[in-house]
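# Predicted model and sequence below, questions to follow.
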Amino acid sequence: METIKETFPVTGMHCASCVVNVEKKLNAQKGVVSATVNLANATAQVEYDKANTSLPGVKKAVQSIGYDIVVDTEAAAPDKIEALNRKNYESLRLRTILAIVFSLPLVVIGMFVMHAPYANYIMWGLATPVVLIFGRQFFVGAWKQAKHRSANMDTLVALSTGIAYLFSVFNTLYPQFWTSKGLHAEVYFEAAAVVVAFILLGKLLEARAKSNTSAAIKKLMGLQPDTVTRINAHTGAEEIVPIKDVAVNDILLVKPGQKIAVDGAVTSGASYVDESSLSGEPMPVEKTAGNNVFAGTLNQKGSFLFRAQKVGSDTLLASIIKMVQEAQGSKAPVQKLVDKIAGVFVPVVISIAVLTLVAWVAFGGENGFTYGLLAMVTVLVIACPCALGLATPTAIMVGVGKGAEHGILIKDAESLETAHKVNTIVLDKTGTITEGHPEVTAVEWTNDADAGKLTAVLYSIEALSEHPLANAVTKYFKEKAVIPVPVDSFSSITGGGVTALHEKKIFFAGSNKMIASMNINIPEELKQKADSYQQQANTVIWFTDHSKALAIVAIADKVKSTSAKAVRLMQEMGIEVHMLTGDNEHVANAVAKQAGIKNIKSEVSPAEKAAYITGLQQQGRIVAMVGDGINDSQALAQADVSIAMGRGTDIAMDVAKMTLISSNLEQIPKAIMLSRKTVRLIRQNLFWAFFYNVIGIPLAAGVLYPINGFLLNPMIAGAAMALSSVSVVGNSLRGLRDV
């Protein structure tokens with residue numbers, strides 16, 4: 001079964017119970033493997049079997065329970081969704097304003113002139129449009145939920161305001177029912193209307209705050225220009241075309257100050273490009289012929305032509321946007337517990353509300369029913385599943401967005417949550433601690449070797465090898481204008497080196513291990529030089545014939561200027577830092593010394609790297625692995641948190657849950673700190689959401705009435721419920737502002 005994973009916008013959700021209902025319905029559809037729904041960005045991430053899943057059927061199923069899912073690709077385009085959200089926001093804004101306008105005179109009448117002639121009828125007239133027209137969405141939503149034997153926030157609002165409204169209508173039309181018993185016929189039109197107005201206002205503020213949580217996505221989407229300057233392939237003339245018309249292999253012109261539209265390679269010209277929008281690095285990068293350029297980056301002073309290589313959804317910027325969207329829509333492990341609570345929250349609240357009424361009728365005396373009804377309405381109003389539903393996803397959305405702004409791509413919420421627990425970080429050496437660009441620093445020959453002739457042989461053998469160190473040797477001799485000579489019977493010795501024949505004589509080029517296994521005679525002077533270079537963090541390649549060593553090539557991969565500081569920052573955060581490398585012990589120790597790392601293991605294979613991670617985990621440590629190559633992928637998969645360097649291989653980045661676009665190790669402490677602050681925010685939000693309900697519901701039920709006569713007004717409860725959601729979203733935005 002071949003599955004695909006897509007993210008679809010979902011409309012009509014208001015609370016954590018809505019999330020549970022939509023998720024349950026999606027997971028029940030034929031062909032759907034898994035579905036997770038996110039309230040904060042109103043999306044569903046669905047993995048499904050394309051051959052056996054009917055997307056129109058999925059849409060119909062979601063609509064049947066009172067929501068909608070946009071499965072049409074064109075309709076789900078970011079600009080269309082933005083327009084739909086804007087339309088919904090304006091509609092909500094108008095309904096909120098009108099609800100407040102009608103509710104204000106209601107409050108005045110209810111507080112100051114409620115005994116005036118026809119006051120109840122005037123309040124009835126003012127409350128009706130607020131409850132039944134501006135608050136219609138709550139009743140429609142509650143009815144759809146009821147048809148499927150489920151409940152959500154709409155159920156609570158519809159029950160509370162509906163009961164208060166109908167009770168008030170009955171008392172307005174039949175006041176004698178109560179007056180004949182010596183009781184006053186109370187009406188709560190102002191409570192019903194004001195509760196609707198407050199909840200609508202809360203939804204409006206919440207929508208505005210939630211739009212800020214997706215600011216990172218909007219910023220990334222705004223990096224790409226709408227049009228480009230293309231060089232006509234036939235006439236050579238410049239033409240301005242929409243970005244959607246650009247095809248692979250088109251030649252594009254970039255002028256000073258313009259944004260680069262697609263990914264490609266410079267063909268002519270030179271400039272400096274600001275790549276900080278993608279990498280987080282402030283220093284502009286020089287671009288000349290052959291260098292890669294990326295969509296969304298900003299050209300500075302020079303002009304250049306480049307050939308388009310990746311366009312549309314294939315660009316690095318598009319893949320970053322997709323990754324950020326998927327990460328923001330994913331669920332943190334703690335959210336699973338919240339969803340379980342949300343699944344029973346509304347039924348439990350309704351049960352508490354009914355028990356409240358029963359208790360008041362039984363023990364409240366002659367006004368027991370009136371007070372009980374008021375308390376029941378207040379319980380239904382004050383209970384807030386919205387804050388529960390928003391507590392985790394808003395913090396995750398902001399955290400993932402902040403990471404993207406700093407060049408830290410986070411694939412899912414689980415890795416962002418887990419990273420705060422990391423107490424051990426394992427670093428690969430090459431390309432992670434070092435630059436990953438080996439360069440020849442010296443070539444030393446024995447006194448009796450024919451260096452002039454043998455240099456060409458060494459060059460020719462290494463030119464046939466695909467090893468990164470061989471590439472460094474080849475580049476070095478090519479720059480020295482060495483002319484290659486014919487070689488035969490070339491073969492590669494895995495993990496050792498290479499061998500070939502020249503003029504029927506065999507030559508070897510390789511590592512210490514290979515030379516030691518061949519009983520090659522090594523002059524003492526050359527051995528001392530090799531030891532000296534290795535102690536200076538140089539890797540040494542030996543060049544020999546069948547019996548004796550002829551030369552050594554010293555190759556250095558410079559330690560990044562930021563590595564030592566990054567390691568120190570991690571250690572100051574209480575994190576133990578380890579280094580793994582396939583290189584020899586001398587080089588490993590020299591690099592570790594420069595970087596300030598004390599825990600080192602050298603000459604390890606990819607499988608041994610993964611085993612090393614497993615050993616640390618068995619000691620109870622939470623391990624993050626940082627690497628950049630194919631040989632790191634096994635260890636990355638084993639680690640609790642996997643981090644890939646952005647300039648590494650695609651395989652490493654596919655396996656890893658985080659990617660550092662700039663390959664700067666200083667981003668790792670930032671990522672850990674971002675995780676710690678995000679988890680702290682989640683805990684704060686969840687505490688507030690639970691604390692609010694645990695305190696608010698008993699107060700609404702009238703638990704203090706026997707002690708001091710305090711009974712919470714439903715209008716105050718409505719305001720508290722609205723503000724609880726807004727405060728959770730606001731806390732998420734505030735808490736990560738300084739990251």
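Here it is on my side, so go on.

# From now on I want contacts and neighbour counts done on CA atoms only, so please keep to that.
Will do.

# ok, now how distant is Lys340 from Lys24?
Per Cα to Cα, to the nearest Å, Lys340 is found 12 Å from Lys24.

# Sorry, slip of the keys, the one I care about is Gln619.
From Gln619 to Lys24 the distance is 39 Å (Cα to Cα).

# more crowded one of these two?
Lys24 (15 against 8; other Cα atoms under 10 Å).

# quick one: which helix or strand includes that one?
helix 16-27 (DSSP states H and E).

# what does that helix rub up against?
Here helix 16-27 makes contact (Cα atoms under 8 Å, 6 or more residues apart in numbering) with 13, 32-39, 44, 58, 61-62, 65, 67, 150-153, 339, 342-343, 345-346, 385-390.

# Which of these fall within strands?
Val32, Val33, Ser34, Ala35, Thr36, Val37, Asn38, Ala44 (DSSP state E).

# Dump the residues you listed into a markdown table; add distance to Ser491, neighbour count and pLDDT as well.
As requested, the ones in strands among the contacts of helix 16-27 are exported to a markdown table (distance: Cα to Cα, whole Å; neighbours: other Cα atoms under 10 Å; pLDDT from 0 to 100):
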| residue | distance to Ser491 | neighbour count | pLDDT |
| --- | --- | --- | --- |
| Val32 | 50 | 22 | 93 |
| Val33 | 47 | 17 | 93 |
| Ser34 | 49 | 15 | 91 |
| Ala35 | 51 | 22 | 92 |
| Thr36 | 52 | 20 | 89 |
| Val37 | 54 | 28 | 89 |
| Asn38 | 55 | 26 | 85 |
| Ala44 | 53 | 25 | 90 |
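
# out of those, which one sits closest to Ala500?
Val33 (53.5 Å; Cα to Cα).

# can you tell me how far the closest one sits from Ala308?
37 Å.

# Strands along the stretch 501-650 of the chain, start to end?
Per DSSP state E, counting those that start in this stretch, the stretch 501-650 of the chain carries strands over the ranges 505-510, 538-544, 549-556, 576-580, 599-601, 623-627, 641-645.

# now those as CSV including distance to Ile231?
Shown next, in CSV, are those (distance: least, Cα to Cα, whole Å):
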stretch, distance to Ile231
strand 505-510, 48
strand 538-544, 46
strand 549-556, 42
strand 576-580, 48
strand 599-601, 53
strand 623-627, 40
strand 641-645, 35
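
# right, and those strands - which one's nearest Lys429?
Going by Cα to Cα, the one of the strands of the stretch 501-650 of the chain nearest Lys429 is strand 576-580, 6.3 Å.

# Output that closest one in CSV with nothing but the alpha carbons.
Extracted in CSV, the C-alpha atoms of strand 576-580 (Å, rounded to 0.1, in the frame of the first residue of the first chain):
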residue,chain,number,x,y,z
GLU,A,576,27.5,16.4,28.1
VAL,A,577,29.1,16.6,24.6
HIS,A,578,30.6,13.6,22.8
MET,A,579,32.4,13.3,19.4
LEU,A,580,32.4,10.3,17.1
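
# what are the pairing partners of that strand, and which direction each?
strand 424-428 (parallel), strand 599-601 (parallel) (DSSP bridges).

# quick one: contacts of the helix or strand following the first one?
What that stands for is strand 424-428. Moving toward the C-terminus from strand 424-428, the next helix or strand (DSSP H and E) is strand 439-445. With contact meaning Cα under 8 Å, 6+ apart, strand 439-445 is reached by 451, 472-473, 476, 526, 550-557.

# Might one say that Ser160 is in contact with Leu380?
Yes. Judged on Cα atoms under 8 Å, Ser160 makes contact with Leu380 at a distance of 5.5 Å.

# would you turn the ones in strands among the contacts of helix 16-27 into TSV with distance to Lys144?
Formatted as TSV, the ones in strands among the contacts of helix 16-27 follow (distance: Cα to Cα, whole Å):
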residue	distance to Lys144
Val32	23
Val33	26
Ser34	24
Ala35	22
Thr36	22
Val37	19
Asn38	21
Ala44	20
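
# which intervals of this structure have sub-threshold pLDDT?
1, 73-79, 210, 212-217, 279-283, 384, 494-495, 629-631, 647-653, 739 (pLDDT under 70).

# mind checking which of the strands paired with strand 576-580 is nearest Gln638?
Per Cα to Cα, nearest to Gln638 of the strands paired with strand 576-580: strand 424-428, 11.7 Å.

# now the angle from the closest one to strand 641-645?
Angle, strand 424-428 to strand 641-645, by axes from the mean of the first three to the mean of the last three Cα atoms, to 10 degrees: 30 degrees.
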